[in-house]
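what follows is a predicted protein model with its sequence.
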Amino acid sequence: MKKYKLKRLVSYLCDVMGVSRSGYYNYFLEKSAQKRVAQEQADEGVKEIILKAYHFRGRKKGARQIKMTLENQYGITYNLKRIRRIMKKYQIICPIRKANPARRMAKATKEHRTCPNELQRNFKQGVVGKVLLTDITYLTYGGSKRAYLSTIKDAETNEILAYEVSSSLSIDIALNTLHQLKKHHHLTEDAFIHSDQGFHYTNPQFQKLVKKMGLRQSMSRRGNCWDNAPQESFFGHFKDETNIEECETLEEVKREIKSYMMYYNHYRGQWHLKKLPPAKYRQQLQQVV
């Protein structure tokens, strides 16, 4: 009688939990226990490999970045489902993109001039060194100190071609970034640089230097961040994956940024670049041409 009541209780609990009676009894078999131990040992091994990619070059990574790092740096292929399962199981937390707070530049004076939007969100034109994107973001470090990062990015390869770090938002930060762009010789003759309508890019000094370098200039529509979305995306990844807030001095900030730029251009695979880092993807495109 007791055995009958126990079976009924087991049946009831199995129904409540949504499992079969056979599955319940199978769970306690010696063979099943051994299988679980083997699975746990296998997961531990995979976890160590995933952590190796997660900590590669000291940069935070999500599941996709881990997958590409494993393939590009270690020749190991895991599918995303497996990586995400292991990350969830062992609480390997990936960085979450934080919303970029509204940034406002000083209003342009009457001598400042805007330019038409030549890009029209046609970021990928199949040509290396034709579409250049530029913008400036702020960085908080040492508690409440503020620094600024200006970059120029090749929209085709996502490679950061030039950057400047400064404690000031003067026009020099944008001009110095342009000067650094001169060392790149793979720009096309019809290359143009695209930006928002910020103070720096409507400034006569900036526009004069752009023309002197043989570049055209394009600008997003006012207040439309989607017109320069890839550049905004880079800043989002940059802030997620760097440790700027832990820096105490501007020199430390510059060293951290220099380290990240090397990692981003040469080691950080990108899903839509055939899982290759920007510099390697550029080399591949140039070989095809």
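Right, received. Where do you want to start?

show me where the chain has strands.
131-141, 145-154, 160-166, 192-195, 216-219 (DSSP state E).

any stretches of the stretch 101-250 of the chain with poor pLDDT?
Applying pLDDT under 70 to the stretch 101-250 of the chain picks out residues 101-111, 122, 223-227.

and the helices in it?
172-181, 199-202, 204-212, 229-241, 250-266 (DSSP state H, counting those that start in this stretch).

any buried residues in the fourth one, and which?
Buried residues in helix 229-241, counting neighbours by 16 or more other C-beta atoms under 10 Å, are found at 230, 231, 232, 234, 235, 236, 237, 238, 239, 240, 241. Where C-beta positions appear, they are placed from N, C-alpha and C, glycine not excepted.

which helices and strands sit right next to it?
Helix 229-241 makes packing contacts with strand 131-141, strand 145-154, helix 250-266 when contacts are defined by 3 or more C-beta pairs under 8 Å, 6 or more residues apart in numbering; DSSP states H and E.

show the contacting residues for residue 84.
residue 63 (C-beta atoms under 8 Å, 6 or more residues apart in numbering).

and it, how far from residue 46?
Computed as C-beta to C-beta, to the nearest Å, the residue 84 to residue 46 distance reads 12 Å.

what's the end-to-end length of stretch 47-61?
14 Å (C-alpha to C-alpha, to the nearest Å).

what does it rub up against?
66, 69-70, 73-74, 76, 78, 83, 86-87, 89-90, 92, 94-95, 240-242, 259-260, 263, 267-268.

hmm, try it at 6 Å
66, 69, 70, 86, 90, 95, 241, 263 (C-beta atoms under 6 Å, 6 or more residues apart in numbering).

same check on stretch 66-76?
Stretch 66-76 is contacted by residues 50, 53, 54, 56, 77, 80, 83, 269, 275 when judged by C-beta under 6 Å, 6+ apart.

tell me the contacts of the fifth one?
Remark: with contacts taken as C-beta under 6 Å, 6+ apart, residue 77 is in contact with residue 71.

give me the pLDDT for it.
Note for residue 77: predicted pLDDT of 92.

again, but for the first one
At residue 50 the predicted local distance difference test score is 91.

state the distance from it to residue 82.
Applying C-beta to C-beta to residue 50 and residue 82 gives a distance of 9 Å.

higher neighbour count, the two?
A count of neighbours by other C-beta atoms under 10 Å puts residue 50 above the other of residue 50 and residue 82, at 25 against 14.

from residue 44, how far off is that one?
Residue 50 is 11 Å from residue 44, by C-beta to C-beta.

is it true that residue 119 touches residue 193?
No - at 9.8 Å, residue 119 and residue 193 do not qualify as touching, with contact defined as C-beta atoms under 6 Å.

the residue nearest to residue 216 when sequence neighbours are not counted pairs with what?
Of all residues not flanking residue 216 in the chain, residue 192 sits nearest, at 3.6 Å (C-beta to C-beta, 6 or more residues apart in numbering). Taking DSSP bridges, one obtains residue 131, residue 216 as the residues bridged to residue 192.

ok, now which ones touch residue 192?
118, 215, 216, 218 are the contacts of residue 192 under C-beta under 6 Å, 6+ apart.

what count of nearby residues applies to residue 125?
Residue 125 has 12 neighbours, counted by other C-beta under 10 Å.

residues near the closest residue to it other than its chain neighbours, how many?
Distances taken as C-beta to C-beta, 6+ apart put residue 131 closest to residue 125, at 5.9 Å, once the chain neighbours are dropped. For residue 131, the count of nearby residues is 23 (other C-beta under 10 Å).

cool, and the one 3 residues further on?
Burial measure for residue 134: 27 neighbouring residues, criterion other C-beta under 10 Å.

separation between it and residue 228?
Residue 134 is 9 Å from residue 228, by C-beta to C-beta.

show me what contacts residue 128?
Counted by C-beta under 6 Å, 6+ apart, residue 128 has contacts 156, 186, 282, 285.

reformat those residues as CSV; add neighbour count and distance to residue 32.
As requested, the contacts of residue 128 are arranged in CSV below (neighbours: other C-beta atoms under 10 Å; distance: C-beta to C-beta, whole Å):
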residue, neighbour count, distance to residue 32
156, 21, 53
186, 13, 60
282, 22, 52
285, 16, 52
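
quick one: which of these is nearest residue 205?
Nearest to residue 205 among the contacts of residue 128, counting by C-beta to C-beta, is residue 186 at 25.9 Å.

hmm, residue 129 and the closest one touching each other?
Yes - under the criterion of C-beta under 6 Å, residue 186 makes contact with residue 129 at 4.6 Å.
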